[in-house]
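S.K.: sequence and computational prediction follow.
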Amino acid sequence: MRELTLSDHAGEQGSLAAAKRRKDFDASERLFSAAMAGRRQKSGALQKKSQAAFRERRYFAWLVSFFPRMAHAFSSKPPKPKMAAAGRDEVVWNAGGAGEQRVTDALAGFLSDDWTLVSGYRNTGGEIDKLLVGPAGVLAMEIKFVNGKVFCRGDKWWRDKYDNYGNLVETGVPIADKRGRGPSAQVNDAADRLQSFLSMRSSVRRVARAVVLSHESSQIGEISGQKVDLVATLGQLNVATLAKAMPGGPAGALTDQIVALIRKDHEFHMRPREERQANRRRHAAGSALAGS
């Protein structure tokens, strides 16, 4: 299986979160170092003052000087900074990236080089975690690294979570992105737009859709009114399940053509909005001239 990475959103977000933690820690260390330097400077100044009083035989002043020196010596020191643990968002991003890699590894185990796995394609509908292009067609995959039993009713998704001993600890936990979309809506919003783009430029008439549960403890509960072609755990992915979900075609050399179109569309949507609008106006003007 060949691989093409267009973007790595999960990895980038995880790296940004880790970089922010490091930046905050470095800033805290600088403040700590400055505070300790100030403390040492004050200690040295108090000591010099005491020594000067002794040399000048101002013994009462010398005795009195011990009180501020002792007070300073036993005063609270600034706490040494510690690197903050990864926050929830960083953990989620890293887990998502690991879950996507598990899917890549699983597919690579049984697919030939007739197939290409495209990672990180994006359009105005959102990001598609993985796009599989090959002899059986095009499949858009939304990958969820979730622990527990997953349920679905239409576009509403939730899970029941179990602990390591098999005890039910949470029920009805929603599975949705920050816009409130369940996995099927997430993949369909982007796949619909890709399907429209490809159908006007190639032999592809339909992009199949799948929700893949990549956690080792993922289970599939009741699925009703599903709006994707396939809901599967990592262990259920094989040639037969993919073939059943996908519509067939393109084949052979057309796979490279489809992958090139997907890359082109992704790159278009990654351009600034103003540049995309200008390109649309030029295309519309050219079409009008051709039709006149």
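M.R.: That came through fine. Numbers count the residues shown, from 1 in each chain.

S.K.: show me what the helix or strand encompassing residue 40 is packed against.
M.R.: Using DSSP states H and E, residue 40 falls within helix 9-55. Applying 3 or more Cβ pairs under 8 Å, 6 or more residues apart in numbering; DSSP states H and E, we find helix 9-55 packed against helix 59-64, helix 66-74, helix 88-108. Where you see a C-beta, it was placed from the backbone N, CA and C, and this is true even at glycine.

S.K.: contacts for the shortest one next, please.
M.R.: Identification of contacts with helix 59-64 by Cβ atoms under 8 Å, 6 or more residues apart in numbering yields 50, 53, 54.

S.K.: among the residues you listed, name the buried ones.
M.R.: Among the contacts of helix 59-64, the ones that count as buried by 16 or more other Cβ atoms under 10 Å are 50, 53.

S.K.: looking at the contacts of helix 59-64, which is nearest residue 86?
M.R.: residue 50 (48.1 Å; Cβ to Cβ).

S.K.: nearest residue to the closest one other than its sequence neighbours?
M.R.: Once flanking residues are discounted, residue 50 sits nearest to residue 65: 3.9 Å by Cβ to Cβ, 6 or more residues apart in numbering.

S.K.: wait, doesn't the one you found sit right on residue 52?
M.R.: No: using Cβ atoms under 8 Å, residue 65 makes no contact with residue 52, being 9.1 Å away.

S.K.: other SSEs contacting the strand or helix carrying residue 188?
M.R.: Of the helices and strands defined by DSSP H and E, residue 188 is found in helix 183-199. Secondary-structure packing of helix 183-199 (3+ Cβ pairs under 8 Å, 6+ apart): strand 116-123, strand 126-134, strand 137-144, strand 208-213, helix 254-270.

S.K.: so which bits of it are buried?
M.R.: For helix 183-199, using 16+ other Cβ under 10 Å, the buried residues are 183-191, 193-195, 197-198.

S.K.: check stretch 15-29 too.
M.R.: 17, 21, 28.

S.K.: kindly report the same for stretch 47-64.
M.R.: In stretch 47-64, counting by 16+ other Cβ under 10 Å, buried: 50, 53, 62.

S.K.: the residue nearest to residue 5 when sequence neighbours are not counted: what's it in contact with?
M.R.: Distances taken as Cβ to Cβ, 6+ apart place residue 119 nearest to residue 5, at 4.5 Å, with adjacent residues excluded. Residues near residue 119 by Cβ under 8 Å, 6+ apart: 3, 4, 5, 6, 7, 8, 100, 104, 129, 130, 131.

S.K.: so what pairs up with residue 119 in the strands?
M.R.: Taking DSSP bridges as the rule, residue 119 bridges to residue 5, residue 130.

S.K.: number of nearby residues for the closest residue to residue 131 other than its chain neighbours?
M.R.: Once flanking residues are discounted, residue 131 sits nearest to residue 118: 4.1 Å by Cβ to Cβ, 6+ apart. The tally of other residues near residue 118 (other Cβ atoms under 10 Å) stands at 23.

S.K.: surely residue 118 touches residue 138?
M.R.: No: counting by Cβ under 8 Å, residue 118 stays clear of residue 138, with 9.4 Å between them.

S.K.: hang on, isn't residue 107 packed against residue 131?
M.R.: No: counting by Cβ under 8 Å, residue 131 is not a contact partner of residue 107; they are 11.6 Å apart.

S.K.: out of those two, which sits in the busier spot?
M.R.: Between residue 107 and residue 131, residue 131 has the larger neighbour count (other Cβ under 10 Å), namely 25 against 21.

S.K.: residue 137 is in contact with that one, correct?
M.R.: No: under the criterion of Cβ under 8 Å, residue 131 is not in contact with residue 137, lying 10.9 Å apart.

S.K.: low-confidence regions, the stretch 51-200 of the chain specifically.
M.R.: 88, 90-96 (pLDDT under 70).

S.K.: switch to 80 and redo it
M.R.: 86-97, 164 (pLDDT under 80).
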